[in-house]
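Visitor: Just need the structure, nothing else, for what follows:
(one chain, ligands or ions: 2)
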Amino acid sequence: MMSVMGNPTNIFWHESTVGKTERQNLINQQGCVVWITGLSGSGKSTLACSLNRELHSRGKLSYVLDGDNVRHGLNKNLGFSSEDRTENIRRVGEVAKLFADAGLICIASLISPYRKDRDACRAMLTDANFIEAILLFCVFMNMSLEVCERRDPKGLYKLARAGKIKGFTGIDDPYEPPLNCEIMIEEKDGVCPTPCDMAGQVVSYLDENGFLHA
Ligand SMILES: Nc1ncnc2c1ncn2[C@@H]1O[C@H](COP(=O)(O)OS(=O)(=O)O)[C@@H](OP(=O)(O)O)[C@H]1O
Ligand SMILES: Nc1ncnc2c1ncn2[C@@H]1O[C@H](COP(=O)(O)OP(=O)(O)O)[C@@H](O)[C@H]1O
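Guide: Ligands and ions are numbered 1, 2, ... in the order given. Now for the predicted structure:
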């Protein structure tokens, strides 16, 4: 039977002769995904960059998938409707899964505003071979809309408030905070942790959970 567009048939999984464990042993780390979610301006890219640098300086291989950047290539045909955001998250989830399988620490940094889309990625990254081990850790940038709007480095909140951008997250499109995040970054006594401290919090988590060694 011929394969049908959108509903592929007659395709088969081809096992590789080099396994994930062998790749991980080669680079002495365990592949996983650090999924950073939060409002625009909450500091996702800043944390992603700082974490990437910190892991690199410890000799660990990581790679950042940033929503803004991925939308220039792989996802350039997607906008900001709820359907497009869902597809954006799904594709990045699939790519992150490949990176994790390659043995890398993949840092995905996207607003990812809808709980169901983040949950779908988490389900996609559950390793059935190891007693349902979850390979995705959610980092929630718990910054208030006020903080993000005050920062507004790209001037997008201003445009959204003026009605010049429709469906902007936090203004006229929802952000659903995680109910089950592993790590939360938040202000303490009105002070936001430095990029270095934010990265330190994630590195400690990865270290404590054994991901920085094969
Ligand atoms: N309508 C609307 N809502 C939210 N954000 C918008 C919108 N239009 C453009 N932008 C810019 O796109 C960046 C978010 O892209 P993401 O791929 O992370 O978004 S999503 O996860 O699909 O919701 C986001 O970047 P960050 O500030 O880095 O979050 C914005 O710069
Ligand atoms: N921990 C922090 N302390 C102070 N300023 C920060 C911090 N994190 C991010 N910022 C600043 O806030 C703005 C938005 O950060 P960014 O990382 O671009 O957010 P996002 O990727 O979530 O849109 C930038 O100008 C950045 O320099």
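
Visitor: which stretches of this structure form strands?
Guide: 32-37, 62-66, 105-109, 126-127, 133-134, 136-142, 183-186 (DSSP state E).

Visitor: Show me how far the third one is from its chain's centre.
Guide: So the one you mean is strand 105-109. 5 Å (CA atoms, centre = their mean, to the nearest Å).

Visitor: Now it: buried residues?
Guide: Ile105, Cys106, Ile107, Ala108, Ser109 (16 or more other CB atoms under 10 Å). Bear in mind the C-beta positions are built from the backbone N, C-alpha and C, glycine included.

Visitor: before we move on, what about the second one?
Guide: The neighbour-count criterion (16+ other CB under 10 Å) identifies Ser62, Val64, Leu65, Asp66 as the buried residues of strand 62-66.

Visitor: end to end, how far does stretch 103-122 reach?
Guide: 17 Å (CA to CA, to the nearest Å).

Visitor: Does ligand 1 have contacts with stretch 77-87?
Guide: Yes. Stretch 77-87 comes into contact with ligand 1 (CB under 6 Å from any ligand atom), by way of Phe80, Arg85.

Visitor: first vs last residue of that stretch, how far apart are they?
Guide: 10 Å.

Visitor: ok now it, how far from the chain's centre?
Guide: Here the centre of stretch 77-87 is set off from its chain's centre by 16 Å, with CA atoms, centre = their mean.

Visitor: and what of stretch 160-177?
Guide: Stretch 160-177 has its C-alpha centroid displaced from the chain centroid by 21 Å (CA atoms, centre = their mean).

Visitor: ok, now stretch 91-108?
Guide: A distance of 9 Å separates the C-alpha centroid of stretch 91-108 from that of its chain, computed with CA atoms, centre = their mean.

Visitor: Quick check: mean pLDDT of it?
Guide: What stretch 91-108 shows for mean pLDDT is 98.

Visitor: just checking, what's the longest helix in the chain?
Guide: helix 82-102 (DSSP state H).

Visitor: and the angle from it to strand 136-142?
Guide: With axes from the mean of the first three to the mean of the last three CA atoms, to 10 degrees defining the directions, helix 82-102 sits at 130 degrees from strand 136-142.

Visitor: Could you give me the buried positions within helix 82-102?
Guide: 85-89, 92-93, 95-97, 99-101.
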